[in-house]
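1. sequence first, predicted coordinates after that:
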Amino acid sequence: MVDLTLFTNKTKMRTLVTICAALLILGSESNGLQASDKEPSTEAMHAELKAGGDEILTDMVGEIIAEITSLSQGDTREDLQKHFTTEGGLSTPSQRTYVSKRCPYIKIDVRFGPVSAGRESDGDLIQEISKPYLELSVID
């Protein structure tokens with residue numbers, strides 16, 4: 001696990017740029033976009049990220065992306081909470097923002113349903129997961 005509070009502002013910015021690039025790759029993969037002759041392949045983009053960035057960070061972001069893509073509709077809240085934790089802010093039992101346990105700036109919004117008796121349960125089923133995004137932490 002990487003503690004971003006230990007980095008300088010310049011390193012934090014480079015870190016966020018690397019994460020953004022990785023999330024863009026994930027977004028194009030999850031949307032089923034295909035590489036054309038004019039666009040580099042996903043493998044080439046991954047190699048370029050590693051060559052020009054922090055290899056350890058790039059690997060960590062890749063692992064977080066794999067955790068996100070391993071989740072799907074029909075998985076349970078309990079499955080989700082193996083790698084993600086809840087974030088502050090407004091939520092309901094049927095919709096909540098989750099953050100990666102490894103990097104609290106990487107977030108997903110998750111919708112569950114149907115939720116029994118208006119309460120959260122580990123057995124609630126995932127209906128929809130947003131694309132991952134970056135955002136500073138929300139603290140209530």
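-> Looks like it arrived, so ask away. Numbering: from 1, shown residues only.

2. got any ranges where this structure has weak pLDDT?
-> 1-42, 44-52, 140 (pLDDT under 70).

3. those helices in it, which residues are they?
-> Remark: helices assigned in the chain by DSSP state H are 9-30, 42-52, 55-70, 77-80.

4. got the CA coordinates for stretch 131-138 in PDB?
-> Extracted as PDB, the C-alpha positions of stretch 131-138 are listed here (Å, rounded to 0.1, in the frame of the first residue of the first chain):
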ATOM      1  CA  LYS A 131     -16.800   3.900 -14.000                       C
ATOM      2  CA  PRO A 132     -14.000   4.600 -11.500                       C
ATOM      3  CA  TYR A 133     -13.100   8.200 -11.000                       C
ATOM      4  CA  LEU A 134     -10.600  10.300  -9.000                       C
ATOM      5  CA  GLU A 135     -11.800  12.700  -6.300                       C
ATOM      6  CA  LEU A 136     -10.400  14.000  -3.000                       C
ATOM      7  CA  SER A 137     -11.900  12.300   0.200                       C
ATOM      8  CA  VAL A 138     -15.200  13.400   1.600                       C
END
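
5. please point out which parts of that stretch sit buried.
-> Neighbour-count burial for stretch 131-138, with 16 or more other CB atoms under 10 Å as criterion, is recorded at Pro132. To be clear about C-beta, it is placed using only N, CA and C from the backbone, and glycine gets the same treatment.

6. and what of stretch 103-115?
-> Cys103, Tyr105, Ile106, Lys107, Ile108, Asp109, Val110, Phe112, Val115.

7. span of that stretch from start to end?
-> Start and end residues of stretch 103-115 are separated by 28 Å (CA to CA, to the nearest Å).

8. what does it contact?
-> By CB atoms under 8 Å, 6 or more residues apart in numbering, the list of residues contacting stretch 103-115 from outside reads 2, 4, 16, 19, 23, 60-61, 64, 68, 77, 80, 84, 87, 93-100, 120-121, 124-137.

9. what sits against Asp79?
-> Leu71, Ile126.

10. swap in 7 Å and give it another go.
-> Going by CB atoms under 7 Å, 6 or more residues apart in numbering, Asp79 touches Leu71.
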